[in-house]
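A.B. asks: Just need the structure, nothing else, for what follows:
(2 chains)
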Number of protein chains: 2
Amino acid sequence: MLGMKSFIEKNKQRFLDELFEFLRIPSVSADPKFDGDMKAGASWIQGKLLDAGMDLAEICPTAGHPIVFSQKIIDKNLPTILVYGHYDVQPADPYELWDSPPFEPVIRKSKVHPDGAIFARGACDDKGQIYMHVKAIEGMLENNSLTCNVKVMFEGEEEVGSENLETFIKANKEKLAADVILISDTSIIANDIPSVETGLRGLSYMEVEVTGPNRDLHSGVYGGAVANPANVLSKMIASLHDEDGRITVEGFYDKVIELNLEEREALEKAPFDENEYKEDLDIDAVAGEKGYTTRERAAIRPTLDVNGIWSGYTGEGSKTVLPSKANAKISMRLVPDQDWIEISELFDKHFRAIAPPTVKVKVSRHHGGQPYVTPTDSIGYQAAFNAMQEAFDGKTPVPTRGGGSIPIVALFEEVLGLKSILFGFGLDSDALHSPNENYGVFNFFKGIETIPLFYKHFAQLSK
Amino acid sequence: MLGMKSFIEKNKQRFLDELFEFLRIPSVSADPKFDGDMKAGASWIQGKLLDAGMDLAEICPTAGHPIVFSQKIIDKNLPTILVYGHYDVQPADPYELWDSPPFEPVIRKSKVHPDGAIFARGACDDKGQIYMHVKAIEGMLENNSLTCNVKVMFEGEEEVGSENLETFIKANKEKLAADVILISDTSIIANDIPSVETGLRGLSYMEVEVTGPNRDLHSGVYGGAVANPANVLSKMIASLHDEDGRITVEGFYDKVIELNLEEREALEKAPFDENEYKEDLDIDAVAGEKGYTTRERAAIRPTLDVNGIWSGYTGEGSKTVLPSKANAKISMRLVPDQDWIEISELFDKHFRAIAPPTVKVKVSRHHGGQPYVTPTDSIGYQAAFNAMQEAFDGKTPVPTRGGGSIPIVALFEEVLGLKSILFGFGLDSDALHSPNENYGVFNFFKGIETIPLFYKHFAQLSK
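C.D. replies: Predicted structure coming up:
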């Protein structure tokens, strides 16, 4: 779309300035101390949607953080695209590992982003990507090239499980009626290799607490005679994987759909350099489930990871204490057809079962979501495929499976009966959820350029 | 000693008031932010030694926290007792688990202390116990009943490894010349069961860091394909004990002296109720090395305990992160004839050896000390035995082996050629190193009453 390209050219600096404003708002949904910033983030994006020319943009309160809903209905007979994304971000700690403050965006060149990348928490996940949609809509309206009706739903709890979004969509099926859901919260293979994700993993996020003695003890007076909950928890966690890297939770793999050789070969076609991968992470060896490649382990196989563990004295110097408690946050990524509720229950049951009589165990559930696969024969997927191909000068996009989770996607299909198209423009190396999260300036503008092409192709294919 | 009893009766309230002043000084040696309080603690006790009537009391600077030295030489021909103790305390955190602030001492009745106990960090370990000596000396001088010369050495780094004390005693052998070392930093079995400890465990305190990827990663994008250092560390820690609760560090048991059946039976004679023990700790089962009793596990057998572990996100809510690093503080209690330097090296070597190629491992040493055994046929032990028996109305004291460590004791023998007598008055249930540390009012005054009896018997037996 030529009109779009010149529109972007004209406004580059303004778009970046606006995005920087957005990124300066520390909208961390997990931590109550940022509640005020969550509200600020919601009204900021609401204002920008109205500026872009939407008919309405409203802030919908929930039991948690608000949802921003907006729409532009140009013609009841045209198809309607529902854009979903989130304005909340992951906690930024550990702050000391950031080269520049997480909520003070700066542009720096990097190896994979020679033209510069925007460094800030949320730059890619997901503020930078939802803002592409706002600017793309602004452009289509300015150029009178909007070919579909558009509805927008930006939530503030994606990073903490979208619990209240579920209530919201169940209560607003009419309002959210559409033909397809468009989501930019995933990645492409490389800036010269377009791709469209065809699936996501599900998630089950648990927390465990192991209690030994009723108080911290002197490790000399009691050590050796009383079970140490930190040692016990370590042993329990160690037992959750077997020697082949398979998860030992009973029944964990029962519903896992094994891909056939053809499907696996198709996924392996995507270019991937394991040495570059190891170099980027500065690791000498990869690890994972026996019998699967690195990409398969990170996409089509389920996982179990400790996201956090803490017990005893963690301050300066030494303290000879036998801790009373040990805690861990443990999450599992799931694949079709694992059910996150069922897996959470299996984990709970298993973890209690392996606890020795010397300790008491508490298991609680944070949140989760179902795995999801996009049918490649759907109009939505085809439109995404064509748009990518057109935007990347005719290069054939590669279908990929994403390792991350957007818990709500499966629910969209169940409640709204809509397929979601994973139309992300980030890179796996953008340090999502990590210090120095960043988003390529190229990717930001390429997204704004490509999104209208999706509208165009979706409208055509819908005829 | 009648004179002593009435002296105590007269001054009870003053002694408590003074001890409370001492306990209000947060002299935590491990944490630099308390350095000022360490200095305050040293000069406070220096002043009290002078008030008690000592010839001199000086503050001896070291590379770390100062040492307080004091003496009263009444007759070169009389034996000399060197009193050792420490004015530093363990960190008080977690503060929230204290029923009253750790540095605002209060007296409350408790199950084992029906007449009341002093609740404060350091109440028993070791401020309360060293202050017994200051008041006992004051009493003996007032009654003209001092039967030995006395030297006092109170250090400020016992809780962090006494590293600078070692330099100090090596440089001051003349000054510290004595016939025996008297230490009150241990416990008796119960307030109606006097006992004298005949041994202590040694200590090797290590810290480990396991590094996986060079940054925290998105657990969805990388999970399953990259080794998670928190899972890896858990597995490594789990492997440090075998199914029988024996430590797997290669060569760990090589120098452990097995007690013969007779010695083991002697130790088992001390009254002990395992159900009360479990009830006090609120645990359903004890744990430990196969083939040994609870008391043996806590006294004559070596241990390995995680004192602290931390990795990833430990804040509120959830963060789907695959951490870059995982850390743990791990300490081992040692028994004769294990050498703490050698054990530290064995641990270091072993821990590196079990690390998988997917991570990098750093091992560092905090501090340590040698195990120690007091010969029961020595004059010092006999004097302690007789003093306890006399103070506890003729009850025969029980010889016990302590599970804790006073790293410097073995060094005293090596450098000064002196035996140390473990003449403590605490109870194992006094929550040393824990929230709500306390010291029985009975124990405090009983100590002041018993110490002069040690001087009396030591002088007699030395003739």
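A.B. asks: Let's see the pLDDT reported for the closest residue to residue A:20 other than its chain neighbours.
C.D. replies: Of all residues beyond its chain neighbours, the one nearest residue A:20 is residue A:105 (4.7 Å), with distances taken as CB to CB, 6 or more residues apart in numbering or on different chains. From N, CA and C alone the C-beta is placed, and that goes for glycine too. Note for residue A:105: predicted pLDDT of 98.
A.B. asks: Near residue A:105, how many other residues are there?
C.D. replies: Here the count is done by other CB atoms under 10 Å in any protein chain shown, and residue A:105 has 24 residues near it.
A.B. asks: quick one: contacts for it?
C.D. replies: Residue A:105 makes contact with A:19, A:20, A:23, A:24, A:118, A:119, A:120, A:123 under the criterion CB atoms under 8 Å, 6 or more residues apart in numbering or on different chains.
A.B. asks: I'd like the distance from the helix or strand encompassing the fifth one to the chain centre, please.
C.D. replies: Looking back up the chat, that one is residue A:118. Here residue A:118 is covered by strand A:117-119, with elements defined by DSSP states H and E. Between the centre of strand A:117-119 and the centre of its chain there are 18 Å (CA atoms, centre = their mean, to the nearest Å).
A.B. asks: Report the rounded mean pLDDT for the helix or strand that comes right after that strand.
C.D. replies: For strand A:117-119, the following helix or strand on the C-terminal side (DSSP H and E) is helix A:127-142. Confidence for helix A:127-142, expressed as mean pLDDT, is 98.
A.B. asks: Against which helices or strands is the following helix or strand past helix A:127-142 packed?
C.D. replies: Where DSSP H and E defines the elements, the next helix or strand beyond helix A:127-142 is strand A:149-155. Applying 3 or more CB pairs under 8 Å, 6 or more residues apart in numbering or on different chains; DSSP states H and E, one finds that strand A:149-155 contacts helix A:35-52, strand A:67-72, strand A:80-86, helix A:127-142, helix A:163-171.
A.B. asks: Let me have those in CSV, adding distance to residue B:59 as columns.
C.D. replies: Below are the helices and strands packed on strand A:149-155 laid out as CSV (distance: least, CB to CB, whole Å):
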stretch, distance to residue B:59
helix A:35-52, 51
strand A:67-72, 66
strand A:80-86, 61
helix A:127-142, 59
helix A:163-171, 61
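A.B. asks: Minimum distance to residue A:284: which of these has it?
C.D. replies: For the helices and strands packed on strand A:149-155, distance to residue A:284 was read as CB to CB. The smallest value, 32.7 Å, belongs to helix A:127-142.
A.B. asks: burial count for the residue in the stretch 1-150 of chain A that chain B sits nearest to?
C.D. replies: Chain B sits closest to residue A:30 of the stretch 1-150 of chain A, with a gap of 3.6 Å, by CB to the nearest CB. Other residues within reach of residue A:30, judged by other CB under 10 Å, total 20.
A.B. asks: does it really touch residue A:159, like I thought?
C.D. replies: Yes - counting by CB atoms under 8 Å, a contact exists between residue A:30 and residue A:159, whose distance comes to 6.3 Å.
A.B. asks: joint contacts of those two?
C.D. replies: Taking CB under 8 Å, 6+ apart as the contact definition, residue A:30 and residue A:159 share the neighbouring residues residue A:90.
A.B. asks: and the residue of the stretch 351-463 of chain A found nearest chain B, how many neighbours does it have?
C.D. replies: Going by CB to the nearest CB, chain B is nearest to residue A:404 of the stretch 351-463 of chain A, at 3.2 Å. Using other CB under 10 Å, residue A:404 has 27 neighbouring residues.
A.B. asks: what sits against it?
C.D. replies: Taking CB under 8 Å, 6+ apart, we find residue A:404 in contact with A:186, A:200, A:201, A:432, B:218, B:220, B:221.
A.B. asks: what helix or strand is the last one on?
C.D. replies: When you say that, I think you mean residue B:221. Following DSSP H and E, one finds residue B:221 outside all helices and strands.
A.B. asks: swap in residue A:424?
C.D. replies: According to DSSP H and E, residue A:424 maps onto no helix or strand at all.
A.B. asks: Pretty sure it sits against residue A:182.
C.D. replies: No - Residue A:424 sits out of contact with residue A:182 when judged by CB under 8 Å, with a separation of 10.5 Å.
A.B. asks: So the nearest residue to residue A:421 once chain neighbours are set aside, which state does it fall into?
C.D. replies: For residue A:421, the nearest residue in space outside its immediate sequence neighbours is residue A:380; the separation is 4.3 Å by CB to CB, 6+ apart. Look at residue A:380: counting by DSSP: H, G, I helix; E, B strand; the rest coil, its state is helix.
A.B. asks: Near residue A:380, how many residues? Count them for me, please.
C.D. replies: Once other CB under 10 Å is used to define contacts, residue A:380 is seen to have 26 neighbours.
A.B. asks: Need the pLDDT of it.
C.D. replies: 97.
A.B. asks: For stretch A:99-113, list the C-alpha coordinates in CSV.
C.D. replies: This file holds the C-alpha atoms of stretch A:99-113, laid out as CSV (Å, rounded to 0.1, in the frame of the first residue of the first chain):
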residue,chain,number,x,y,z
ASP,A,99,21.7,-1.4,30.5
SER,A,100,19.2,1.5,30.6
PRO,A,101,16.2,2.0,32.9
PRO,A,102,13.2,-0.3,31.9
PHE,A,103,10.7,2.6,31.8
GLU,A,104,13.0,5.1,30.1
PRO,A,105,12.9,4.0,26.5
VAL,A,106,16.0,4.6,24.3
ILE,A,107,17.0,3.5,20.8
ARG,A,108,20.2,1.6,20.5
LYS,A,109,21.7,-0.4,17.6
SER,A,110,22.1,-4.2,18.3
LYS,A,111,23.5,-7.1,16.4
VAL,A,112,20.1,-8.2,15.2
HIS,A,113,18.8,-4.7,14.9
